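Peer 1: Got a predicted model here, sequence first, then my questions.
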Amino acid sequence: MSDRCCSPHREAPKPVKHRCPANGIEYPEVPKRTIAHHIKKSWQWDGKEQPYYFCDDSDCDVVYFGVDDLVIYKWQLRTMVGVKDKSDEAMVCYCYGATQADVVNENGIRDFVIRKTKGGECSCETSNPSGTCCLKYFPGQKH
C-alpha cells in the first residue's frame, strides 16, 4: 500500500496566500482566467503556469502578482479596480454595474445582488477583478 503523503513524488501544496512584492501584505489567490478578462491585450499575456494573487490595497499600484513576484499594475488593466479607487464611481458589483454611489444612495442593491448570487446568475470569477463575490466589498462590510 502506498502512502501518498510520504511519496517522494508528491508535489508541495501551493500557498493559499502570498505576499505582495510591493507592500509585503499577504493576499488570496485569484484564477488566471480572472486576470485574462481584465488585463489589456490579454492575448499578449503569457500567463505562466503558477499561482497568481490579488492585492486589494487601495494605496498599492499592484493589482495581480505571481509566486515569482511578477506584477501586474493598475495601468496594465482595461478595468478600473473598484477597491483601489476611492471615488463615488468606483465599481462595487461588476456583474450588475453598481457603483459605490449607487450602493450608498439606493436601497435594495445588496439584497438584489444576494438574490442573483444565490440563483447562480452572477459571473464574479471573471467579472470582478478580485475573482470573488463583490458582497464583501459593499460599503459597511468588513473586508
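Peer 2: The structure has been received and is ready for your questions.
Peer 1: The nearest residue to residue 133 once chain neighbours are set aside: neighbouring residues, count only.
Peer 2: Using Cβ to Cβ, 6 or more residues apart in numbering and skipping residues adjacent in sequence, the residue nearest residue 133 is residue 124, 4.8 Å away. For every residue, glycine as well, the C-beta is placed using N, CA and C. Look at residue 124: counted by other Cβ atoms under 10 Å, it has 18 neighbours.
Peer 1: do residue 127 as well
Peer 2: Neighbour count of residue 127, defined by other Cβ under 10 Å: 19.
Peer 1: Pull the residues that contact the longest helix seen in the chain.
Peer 2: Using DSSP state H, we find that the single longest helix of the chain is helix 109-118. Helix 109-118 is contacted from outside by 93, 95-96, 98, 102-103, 122, 124, 133-135, 138, using Cβ atoms under 8 Å, 6 or more residues apart in numbering.
Peer 1: repeat that with 6 Å
Peer 2: 93, 98, 103, 122, 138 (Cβ atoms under 6 Å, 6 or more residues apart in numbering).
Peer 1: Repeat that for stretch 29-48.
Peer 2: Against stretch 29-48 from outside (Cβ under 6 Å, 6+ apart): 51-54, 64, 76-79, 126, 129, 131.
Peer 1: which element follows the longest helix of the chain toward the C-terminus?
Peer 2: Downstream of helix 109-118, the first helix or strand assigned by DSSP states H and E is helix 124-127.
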